[in-house]
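Visitor: curious how this folds, go ahead:
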Amino acid sequence: MAVVAAGALALTGCGGGSDDGGKDSGDGGEKPAVTVELPKLDGEKLQVAAVWTGAEQKNFGKVLDEFEKRTGAEVSFVPTGDSISTFLGTKIEGGEPPDVALLPQVGALQQFAEKGWLQPADSAVREQLGKNFSQGWQDLGAHDGEQYGVYYKAANKSLVWYNTAAFTNAGVEEPATWDEFLETARTISDSGVPPVSVGGADGWTLTDWFENIYLSQAGPEKYDQLAAHEIKWTDPSVEKALTTLGELFGDDTLLAGGKKGALQTEFPKSVTKAFEGGDAPDAAMVYEGDFVGINIANDTKAKIGSDAKVFPFPAVGAESPVVSGGDVAVALKEGKGAQALLTFLASTDAAAISAGAGGFISPNKELDPETYPNDVQRDIAKALIEAGDDFRFDMSDQAPASFGGTKGEGEWKVLQDFLADPEDVAGAQKALEAAAAKAYKS
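Guide: Model (predicted):
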């Protein structure tokens, strides 16, 4: 997948793509053909919960609006905050769960299934999954042989987005390796622009930084072992990856606002820092997944493909890494309405609405690539689909939520502490292992 993605992104970095950045494609252009039949749900009320806010929530609202039109149901959206497992656990134990939730961690799906909190997907959902998704994505939504989830949204989380004006003014090109990345950052810093914007106030961004370095440097076998906690976080491979990450985090001249500023910057602001201010932005680059596109399109005046371009996460080892993520829709209540919504989310009809809005990548292999609003997102999606089942899923999202997916706890908190003090590699390893051991044991 790394090879495929690198090839596709090499093309996008050359500046192809429309000039709208997704801004004028909110409804995905023409209405897609109806490919799935849904039941009539007149008078039925459904509640959907997810972590999405801002532009992501707004665009998903268009999908729910279409579902309402087709079924007659009334759907309300509830933002859960970052600690979605805690939010949903409280609702479930209180006897008032939402009908459907979109979980950003596969580990949460596994835990919820073991607790008996999830409803199995019905035959209509499974039919859409079999038609539209590779087996790998289906397997991620299953537990102990039972299908529960629909991966509605995927992510290529191995991308660095950059301000083309800042690169041009500094006289630099897209780096291919980690050493080249650091050298590029230093040159940009010398030009008077802070090189890298880091959204350290949201701990999940820091896990993504670590995972990309670790996958490229330690390799897929070690990655799988660490993801399953078959090796400890005190392993020398973790020490090496944290030391490498510390080369960036430990140099305040390379971070927008330095370490302190990075810890105070939330993810959306980390994006706008890089794409506001014209020729004098607050940062030249921001690392994160394809979903950065929606923030660029909705929160800045930059145009994807001209003002904003993207290159693969630099190779720390032999190859650039490709880490994938995604949000899986699951039913928490019995009933025709919840299953109908899962069926719709598994269809190309729903995927086309979100894809057309921009800042969204679907694992739905039957979705027409032309649905995406620009060549940048089109090529990112193409790389993901062409990889088939050969991808590595986000490590923290595979972990128990108390370790890999809870604000102020576990990996999120430890890596924020590491960003504040990147020299304390041993301390970070010890804290990570203690948190992981506790989470996996429970």
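
Visitor: and the residue nearest to Ala218 when sequence neighbours are not counted, what helix or strand is that in?
Guide: If you skip the residues right next to it in sequence, Ala218 has Ser237 as its closest partner in space, 4.3 Å away by Cβ to Cβ, 6 or more residues apart in numbering. The C-beta positions use only the backbone N, C-alpha and C, and glycine is treated the same way. Under DSSP states H and E, the secondary-structure element containing Ser237 is helix 236-249.

Visitor: helices or strands up against that helix?
Guide: helix 178-190, helix 203-218, helix 220-227, helix 410-420, helix 425-441 (3 or more Cβ pairs under 8 Å, 6 or more residues apart in numbering; DSSP states H and E).

Visitor: taking helix 425-441 as reference, get the angle to it.
Guide: Direction vectors for helix 236-249 and helix 425-441, defined by axes from the mean of the first three to the mean of the last three Cα atoms, to 10 degrees, enclose an angle of 120 degrees.

Visitor: gap between helix 236-249 and the chain center?
Guide: Here the centre of helix 236-249 is set off from its chain's centre by 22 Å, with Cα atoms, centre = their mean, to the nearest Å.

Visitor: mean confidence score for it?
Guide: Here helix 236-249 scores 98 as its mean pLDDT.

Visitor: buried ones in the next helix or strand after it?
Guide: As assigned by DSSP H and E, the chain's next helix or strand after helix 236-249 is helix 258-263. Of the residues in helix 258-263, Lys259, Gly261, Ala262, Leu263 count as buried by neighbour count, 16 or more other Cβ atoms under 10 Å.

Visitor: can you pull out the strands in the stretch 251-400 of the chain?
Guide: Counting by DSSP state E, counting those that start in this stretch, one finds strands in the stretch 251-400 of the chain at the ranges 285-287, 308-312, 323-331, 392-393.

Visitor: now the residue nearest to Ala218: how far from Glu146?
Guide: 34 Å (Cβ to Cβ, to the nearest Å).

Visitor: Pro236 now?
Guide: Where Glu146 is concerned, Pro236 sits at a distance of 38 Å (Cβ to Cβ).

Visitor: what of Leu367?
Guide: As for Leu367, its distance to Glu146 is 26 Å (criterion: Cβ to Cβ).

Visitor: also Glu114?
Guide: Glu114 sits 11 Å away from Glu146 when distances are taken as Cβ to Cβ.

Visitor: okay, Ser237 and Glu146: which has more neighbours?
Guide: The residue with the greater number of neighbours, taking Ser237 and Glu146 and applying other Cβ atoms under 10 Å, is Ser237; the counts read 17 against 11.

Visitor: OK, contacts around that one?
Guide: For Ser237, the set of contacting residues under the criterion of Cβ atoms under 8 Å, 6 or more residues apart in numbering consists of Tyr214, Gln217, Ala218, Lys222, Leu226, Ile231.

Visitor: Leu255 too?
Guide: Applying Cβ under 8 Å, 6+ apart to Leu255 gives the contacts Pro194, Pro195, Val196, Ser197, Val198, Leu248, Phe249, Gly261, Ala262.

Visitor: go ahead and confirm the third one touches Met285.
Guide: Yes. In this structure Val196 lies within contact range of Met285 using Cβ atoms under 8 Å: 5.2 Å.

Visitor: hey, what's in contact with both of the two?
Guide: Joint contacts of Val196 and Met285 (Cβ under 8 Å, 6+ apart) are Ala185.

Visitor: low-confidence ranges, the protein, go.
Guide: Flagging of the chain using pLDDT under 70 yields the residue ranges 1-32, 389-390.

Visitor: what's around the closest residue to Asp208 other than its chain neighbours, how many residues?
Guide: For Asp208, the nearest residue in space outside its immediate sequence neighbours is Lys157; the separation is 5.3 Å by Cβ to Cβ, 6+ apart. Residues near Lys157, counting by other Cβ under 10 Å, number 27.

Visitor: and the contacts of Ser237 as CSV, adding distance to Phe275 and neighbour count?
Guide: As requested, the contacts of Ser237 are exported to CSV (distance: Cβ to Cβ, whole Å; neighbours: other Cβ atoms under 10 Å):
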residue, distance to Phe275, neighbour count
Tyr214, 28, 26
Gln217, 29, 20
Ala218, 32, 21
Lys222, 35, 18
Leu226, 34, 25
Ile231, 39, 16
